[in-house]
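**Student:** For reference, the sequence and a predicted model appear below.
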Amino acid sequence: DLRLENDGKLFFAPTFTGVCTKKEYRITNQSKTKVTYRINVPEKYADVLSFEPAEKELEANEEFALSAFFIPQQKRHYKITVPVEAVEDAIIQNFEVGYHNPGSGGAELPSTIQQ
């Protein structure tokens, strides 16, 4: 399980067009095993946003500060969604918003309780 700082949101202060702003961003492996993360900036924004390193293996319980670079190409408000992939024991996990409905698993619940 990866934990992203600030619930996965990263904000940059207003800057000038073409000026690079750097910000540190924390990512934490809360798992008991090694996890490799990959940050996949959409091609459309590859010249605006980048991360270093964009891919790294994190040890169990390791916290790491990666560098994020933002270089606006136009004077506008940018809101960019960047997929982060976590690979643990050859299982790929994509971060998505979702919910869990308790009791929705495969276990059958008794229809009556006997005393």
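**Tutor:** Noted; the coordinates are in hand.
**Student:** and the residue positioned nearest the centre of the chain, what are its bridge partners?
**Tutor:** By C-alpha atoms, centre = their mean, the chain has its centre lying nearest to residue 84, at 4.3 Å. Beta-bridge partners for residue 84, by DSSP bridges, are residue 39.
**Student:** OK, contacts around residue 28?
**Tutor:** Residue 28 makes contact with 2-3, 58, 61-64, according to C-beta atoms under 8 Å, 6 or more residues apart in numbering. Where you see a C-beta, it was placed from the backbone N, CA and C, and this is true even at glycine.
**Student:** how about 10 Å then?
**Tutor:** Contact analysis of residue 28 by C-beta atoms under 10 Å, 6 or more residues apart in numbering lists 1-5, 35, 58, 61-64.
**Student:** for residue 23, helix, strand, or coil?
**Tutor:** What DSSP: H, G, I helix; E, B strand; the rest coil gives for residue 23 is strand.
**Student:** wait, isn't it in contact with residue 69?
**Tutor:** Yes. Checked against C-beta atoms under 10 Å, the pair residue 23 and residue 69 is within contact range at 8.1 Å.
**Student:** Which neighbours do the two have in common?
**Tutor:** In contact with both residue 23 and residue 69: residue 12, using C-beta under 10 Å, 6+ apart.
**Student:** And the contacts of stretch 39-55?
**Tutor:** Taking C-beta under 10 Å, 6+ apart as the rule, stretch 39-55 contacts 10, 12, 20, 22, 25, 27, 36-38, 56, 64, 66-74, 78, 80-85, 87, 94.
**Student:** Tell me how far it lies from the chain's centre.
**Tutor:** 12 Å (C-alpha atoms, centre = their mean, to the nearest Å).
**Student:** Alright, that wraps it up for me.
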